[in-house]
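# Requesting a structural model of the entry that follows:
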Amino acid sequence: MKVGRRLAILLAVVLAASLTLIGGRATPAAHASAKAAKLTIWVDNVQKPAVDKIASAWGTRRGVDVNVTFHAFGSIRDDLKTVKTENAPDVIVAAHDWTGDLAANGLVAPLFPTKAIKKQFPAYALNAFSYGGKLYGAPYALENVGLVVNTRLVKVPTTFAQFEKEALAFKHKSADNIALAVPQGSGGDAYHMYPFFSGLGGFVFGSGKNGALNPNKIGVANKTFLKNAPLIDKWNREGLINSKVDYGTGKNAWLKQKAAFWITGPWETDALKASGIPFRIIQLPKIKFRSVPFLGVQGMMVTKFAAAHGVASLAKDLVANEMMKPSFQLDLEQANLRYPANIVAGKRVSDPVLKQFGKAGIGGVPMPNIPQMGSVWAELGGAWVKATKGPGATPARVAFATAARNIAAKIAGG
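Residues are numbered from 1 along each chain as shown. Modelled structure (predicted):
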């Protein structure tokens, strides 16, 4: 009996020890499974408060530890190419014209928002972040120039002829006056000049059958534009547009009421409000075609590193669903002073200046997001400089035809 009792006690001790070992091994695994996933977002200081707010709330609901980190906007694209995996972000704030570069290098992942969410965005906002038929970014803000009119000095024009007449009449009132404060300077400015370019039938790249931009279809000197190009020579002769006006000169002229018309964007909202000048913002009136501006679109992208960190599905949920909602876009609108990309959010904008800039951008053309656009800016801006420099200007047809040839050569040369 004593032997049997001892054996029973021994077995009980062994069993207890075994259970303790098993329990000890299970405990770290249990802790590991309960440990929150970590997700890192790179944003600049403008977007950080709004991103912090929504990402933190989302993280709490999903059990994710979200780290919203300040990173200088101008460095994000280049730093993403060199950062080590362990220090890399899972989500970044981005400009739409980075899309082609980042997607071609496999640095960002495609997104798949629901149909209901996609319906809340204009096609051009989604196209801005698309490459190779896939969506790579969630657009949250639109940026474009408009024609700012000093309503104390001139009437708000409804036609281009009226705009031209008002601008020149004001210019002739004083030798110090400028007909139109549109920035160019010696380096040119294809971005601010784009409404005139589109209004004459110009475009940068055509599209293929799948809607993707084709860098071999260069529209800088297409037949329609060249047919209308003599109007540029006329504007140069009469002094409507002069490439000697740079950004600082144009801005100061408008603020000092030496120019009644100014082409600028929402980044000047504070200056406009502080000026004390009554103004309206409109889209440049139609020339031969609708004079639409270039659009800059800001958004959020999921990087390839999210997969390496094991949070790809979480990152895509945050970006493609949560950050495309009207509430998030309105929070960013207030911090960013940019018109929301989400249509529902856009209808709720209360700031009158942003509403006017938003309306001025309707129908705008997203700046091409393919790498070949890098070959365009200097040539297209330079053509405008040469054709509008006053006496001795290059005929517009010659200036833009030369620019088109140079662009094609640069693209062909890689």
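
# alpha carbons only for contacts and neighbour counts from here, please
Noted.

# Helices along the stretch 201-350 of the chain, start to end?
Secondary structure of the stretch 201-350 of the chain (DSSP state H, counting those that start in this stretch): helices at 223-228, 230-238, 247-255, 269-274, 305-308, 312-320, 326-336, 343-346.

# So which other helices or strands are in contact with the second one?
Spelled out, that is helix 230-238. helix 377-387, helix 396-412 (3 or more CA pairs under 8 Å, 6 or more residues apart in numbering; DSSP states H and E).

# Distance-wise, check residue 76 relative to residue 67.
Residue 76 is 16 Å from residue 67, where distance means CA to CA, to the nearest Å.

# quick check: angle from the particular helix or strand that has residue 353 in it to helix 326-336?
Assigned by DSSP states H and E, residue 353 falls within helix 352-360. Going by axes from the mean of the first three to the mean of the last three CA atoms, to 10 degrees, helix 352-360 is angled at 110 degrees with respect to helix 326-336.

# quick one: low-confidence ranges for the stretch 201-350 of the chain?
Residues of the stretch 201-350 of the chain meeting the criterion pLDDT under 70: none.

# Quick check: buried residues in stretch 334-343?
For stretch 334-343, the neighbour count (16 or more other CA atoms under 10 Å) marks 334, 336-342 as buried.

# do the same with stretch 84-101
88-101.

# before we move on, what about stretch 388-403?
Taking 16+ other CA under 10 Å as the criterion, stretch 388-403 shows 388-390, 393-403 as buried.

# mind checking how far the closest residue to residue 277 other than its chain neighbours is from residue 196?
The shortest distance from residue 277 to any non-neighbouring residue, by CA to CA, 6 or more residues apart in numbering, is to residue 150 (6.8 Å). According to CA to CA, residue 150 stands 20 Å off from residue 196.

# Also residue 227?
14 Å.

# which of those two has more neighbours?
For residue 227 versus residue 196, neighbours defined as other CA atoms under 10 Å are more numerous around residue 196 (22 against 13).

# any idea which helix or strand carries the more buried one?
Taking DSSP H and E as the definition, one finds residue 196 inside helix 190-199.

# Likewise for residue 79?
helix 73-82.

# Also residue 89?
Under DSSP H and E, no helix or strand contains residue 89.

# Just say helix, strand or coil for the nearest residue to it once chain neighbours are set aside.
Nearest residue to residue 89, sequence neighbours excluded (CA to CA, 6+ apart): residue 40, at 5.0 Å. The assignment at residue 40 comes out as strand when based on DSSP: H, G, I helix; E, B strand; the rest coil.

# Next one: residue 40, what pLDDT does it get?
The score at residue 40 is 98. That number is its pLDDT.

# Isn't it up against residue 70?
No. Counting by CA atoms under 8 Å, residue 70 is not a contact partner of residue 40; they are 10.5 Å apart.

# between the two, which one's more packed in?
Taking other CA under 10 Å, residue 40 and residue 70 do not tie; residue 40 has more neighbours (21 against 14).

# That one and residue 140, how far apart?
Distance of residue 40 to residue 140, computed by CA to CA: 19 Å.

# now do residue 236
Distance from residue 236 to residue 140, by CA to CA: 38 Å.

# repeat for residue 43
Separation of residue 43 from residue 140 (CA to CA) stands at 13 Å.

# Who has more neighbours out of the two?
residue 140 (27 against 24).

# Find me the pLDDT at the more buried one, would you?
For residue 140, the predicted pLDDT is 96.

# ok, now residue 47?
pLDDT, residue 47: 89.

# count of residues packed around it?
Using other CA under 10 Å, residue 47 has 18 neighbouring residues.

# what about it, distance to residue 53?
Applying CA to CA to residue 47 and residue 53 gives a distance of 10 Å.

# what sits against the residue positioned nearest the centre of the chain?
Centre of the chain computed as the mean C-alpha position; nearest residue by CA atoms, centre = their mean is residue 297, 2.4 Å away. For residue 297, the contacting residues are 95-96, 125, 128, 139-143, 341, 366, by CA atoms under 8 Å, 6 or more residues apart in numbering.

# Now it: closest residue in space that isn't a chain neighbour?
Per CA to CA, 6+ apart, closest to residue 297 is residue 142, 4.7 Å.

# Then residue 187?
The shortest distance from residue 187 to any non-neighbouring residue, by CA to CA, 6+ apart, is to residue 382 (6.6 Å).
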